[in-house]
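Chemist: Return atomic coordinates for the entry below.
(one chain, ligands or ions: 1)
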Amino acid sequence: MKTIIEPFRIKTTEPIKIISREERAEALDKAHLNVFLLDAEDCCIDLLTDSGTGAMSTAQWAAMMLGDESYAGSKSWKNFEKTVQSITNIKHILPTHQGRAAESILAHTLIKDGDIIPNNSHFDTTRANIEFEGGIAQNFLCAEALDTEKEAPFKGNMDVDKLHDCIKENGAEKIPFCMITVTNNTGGGQAVSMENIRLVKEVLLRYNIPLVLDCCRFAENSFFIHEREEGYSGKSLLQIAQEMFSYADAATMSCKKDGLANIGGFLICNNDKWAEQFKNLLIMKEGFPTYGGLAGRDLEAIAVGLMEALDYDYQIYRNATMQYVSKRLIALDIPIVRPSGGHAVFIDAAKFLPNIPALQYPGIGIVNALYREGGIRSVELGSVMFGSFDDNGNELSSPLELVRLAFPRRVYTQSHVDYLIEVIETVWKQRNQISGYSITYQSQYLRHFTCHFEEVS
Ligand code: F0G
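Modeler: This next block holds a predicted model:
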């Protein structure tokens with residue numbers, strides 16, 4: 001087979017500033033050793049997130065010029081609604097300015113104090129929105145996901161038995177809805193099989209509990225089902241996505257991922273009563289239901305982007321990048337989550353730095369070393385992001401300590417990726433010099449965004 005090439009050529013470029021090692025060390029100190037607080041222009045290759053960081057296509061830019069900025073009932077809204085409906089076949093479509101706005105409306109409308117919301121793994125904003133309403137966010141991820149080195153096709157699957165036990169123990173009335181996140185971002189960007197979605201839905205149907213898909217990376221998940229699940233290789237990614245959504249009663253979406261747009265999201269549902277309640281909040285918080293906090297041109301860009309994300313050639317190329325990075329890292333014996341995720345490669349920080357305890361945040365050690373060494377910005381998905389506290393205020397660690405290298409869509413080329421691998425290799429060879437960290441300042445919710453660190457000597 002020949003090399004899989006980028007299925008696009010570059011028409012506009014954006015310069016990358018490369019600052020010196022000393023400047024990087026200074027910048028990181030100024031950012032209180034938290035890469036979220038760095039200036040983006042001080043990052044040479046920014047793999048902090050794949051969210052809103054993608055490059056738009058010529059078709060998207062052209063569509064933006066057709067943006068209809070009417071307050072109500074714009075043509076752009078009609079395009080957006082029609083496209084989302086053609087993929088999901090879900091009745092009510094509510095645009096939002098990004099994914100967490102959809103989560104907030106969903107959570108505020110449906111969650112009562114003490115309610116339980118199961119998921120394969122909640123993303124941090126999803127969990128925060130649920131907890132903010134007094135709900136309890138529970139993860140029922142399949143056991144094999146915890147074995148980071150095991151190669152299995154669907155490590156994003158939910159543990160259906162655990163879900164069932166939770167329903168039996170707590171009663172269906174305590175569970176206003178159940179979620180599945182595709183792909184499972186916090187568990188390594190892993191795929192969820194169609195079979196798993198179907199089985200979860202079967203259990204939920206018995207108890208009349210609705211299923212809400214967190215579908216930010218629905219197209220990448222459709223690609224994995226196409227490649228890995230029996231019976232799907234002959235289907236288009238659109239058909240696979242349509243089947244996935246056929247099991248959902250509602251969905252929250254961040255169009256900053258598989259919408260291939262820089263901003264946007266949606267909340268969709270079939271239930272008329274929910275839609276009515278969602279709309280009231282939407283108008284109050286986001287905007288009129290035909291724009292929901294977005295400009296007409298954003299709605300146009302998303303409508304085109306959602307379909308481009310379902311293009312097989314695009315997904316093959318995207319996945320080839322992840323596979324290339326992971327193969328090279330595995331060849332260097334660097335511990336990573338296998339298989340590589342749909343949008344990111346995850347380093348297993350606990351194995352990379354076995355001498356640093358979870359509550360000294362090994363992931364932060366790697367993140368900061370990658371920045372100092374090569375100006376690479378990555379993100380910790382471990383005890384800083386997902387740690388919690390017990391009733392006595394003791395800090396609890398996260399089951400996994402990961403560092404995520406998330407790839408913006410259609411942005412970086414092969415040589416960027418080769419440079420990245422060289423930087424990781426250097427950090428790996430010098431890993432004994434990496435120290436643990438402690439937190440010197442943190443906020444009540446989503447502490448990872450703003451906390452300050454200190455190195456533990
Ligand atoms: N759900 C998942 C699975 C996500 O990955 C994200 C965002 C959201 C919901 C929230 O969407 O950012 O549009 O409000 N994830 C980004 C990330 C931020 O870096 O993984 P949003």
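
Chemist: Give the bridge partners for the residue of the stretch 201-350 of the chain found nearest the ligand, please.
Modeler: Distances between the stretch 201-350 of the chain and the ligand by Cβ to the nearest ligand atom are smallest at Ser254, namely 3.1 Å. Heads up, the C-betas are built off the backbone N, CA and C, glycines and all. Listed by DSSP bridges, the beta-bridge partners for Ser254 are Gly265.

Chemist: So it is in contact with Ala101, correct?
Modeler: No. Checked against Cβ atoms under 8 Å, the pair Ser254 and Ala101 is beyond contact range at 9.3 Å.

Chemist: Mutual contacts of these two, please.
Modeler: Applying Cβ atoms under 8 Å, 6 or more residues apart in numbering, one finds that Ser254 and Ala101 are jointly contacted by Gly265.

Chemist: Return the set of buried residues in the lengthiest helix in the chain.
Modeler: Using DSSP state H, we find that the single longest helix of the chain is helix 312-331. Neighbour counts over helix 312-331 (16 or more other Cβ atoms under 10 Å) mark Tyr314, Gln315, Tyr317, Arg318, Asn319, Thr321, Met322, Tyr324, Val325, Ser326, Arg328, Leu329 as buried.

Chemist: a markdown table for those residues, including distance to the ligand?
Modeler: Shown next, in a markdown table, are the buried residues of helix 312-331 (distance: Cβ to the nearest ligand atom, whole Å):
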| residue | distance to the ligand |
| --- | --- |
| Tyr314 | 19 |
| Gln315 | 18 |
| Tyr317 | 21 |
| Arg318 | 15 |
| Asn319 | 18 |
| Thr321 | 17 |
| Met322 | 15 |
| Tyr324 | 21 |
| Val325 | 17 |
| Ser326 | 18 |
| Arg328 | 23 |
| Leu329 | 20 |
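
Chemist: which parts of stretch 210-228 are buried?
Modeler: Residues 210-226 are the ones in stretch 210-228 that count as buried (16+ other Cβ under 10 Å).

Chemist: Those residues also near the ligand: which ones?
Modeler: Asp214, Cys216 (Cβ under 6 Å from any ligand atom).

Chemist: Can you flag which of the buried residues of stretch 210-228 belong to helices?
Modeler: Using DSSP H, the members of the buried residues of stretch 210-228 that fall in helices are Phe218, Ala219, Glu220, Asn221, Ser222, Phe223, Phe224, Ile225, His226.

Chemist: which one among those residues gets closest to Asp46?
Modeler: Closest approach to Asp46 among those (Cβ to Cβ): Glu220, at 19.7 Å.

Chemist: OK, contacts around that closest one?
Modeler: Thr183, Gly189, Ala191, Asp258, Ala309, Gln315, Arg318, Asn319, Gly342, His343.

Chemist: and Lys162, what are its phi and psi?
Modeler: Backbone geometry at Lys162, expressed as degrees, to the nearest 10, gives phi -60, psi -40.

Chemist: same check, this time on Thr96
Modeler: Dihedral pair for Thr96: phi -140, psi 170, per degrees, to the nearest 10.

Chemist: now Asp29
Modeler: The phi/psi pair for Asp29 (degrees, to the nearest 10) is phi -60, psi -40.

Chemist: any idea how far His452 is from it?
Modeler: Between Asp29 and His452 the distance is 11 Å, computed by Cβ to Cβ, to the nearest Å.

Chemist: okay, these two: which has more neighbours?
Modeler: A count of neighbours by other Cβ atoms under 10 Å puts His452 above the other of Asp29 and His452, at 14 against 9.

Chemist: Could you give me the buried positions within stretch 35-45?
Modeler: Buried residues in stretch 35-45 (16+ other Cβ under 10 Å): Val35, Leu38, Asp42, Cys43, Cys44, Ile45.

Chemist: quick one: contacts of it?
Modeler: Residues contacting stretch 35-45 (Cβ under 8 Å, 6+ apart): 16-19, 23-24, 27-28, 31, 46, 48, 367-368, 371, 374-379, 412, 416, 419-420, 448-450.

Chemist: Distance from it to the middle of the chain?
Modeler: Stretch 35-45 has its C-alpha centroid displaced from the chain centroid by 20 Å (Cα atoms, centre = their mean, to the nearest Å).

Chemist: Now for the residue positioned nearest the centre of the chain: which residues touch it?
Modeler: Nearest to the mean C-alpha position of the chain, counting by Cα atoms, centre = their mean, stands Asn185 at 4.4 Å. By Cβ under 8 Å, 6+ apart, the contact list for Asn185 reads Ser121, Phe123, Cys216, Arg217, Gly341, His343, Ala344.

Chemist: Report pLDDT for it.
Modeler: At Asn185, the pLDDT value in this model is 92.

Chemist: just Glu425 next, same as before
Modeler: The model's pLDDT for Glu425 equals 98.

Chemist: That one contacts Ala331, doesn't it?
Modeler: No. With contacts counted by Cβ under 8 Å, Glu425 stays clear of Ala331, the gap being 10.1 Å.
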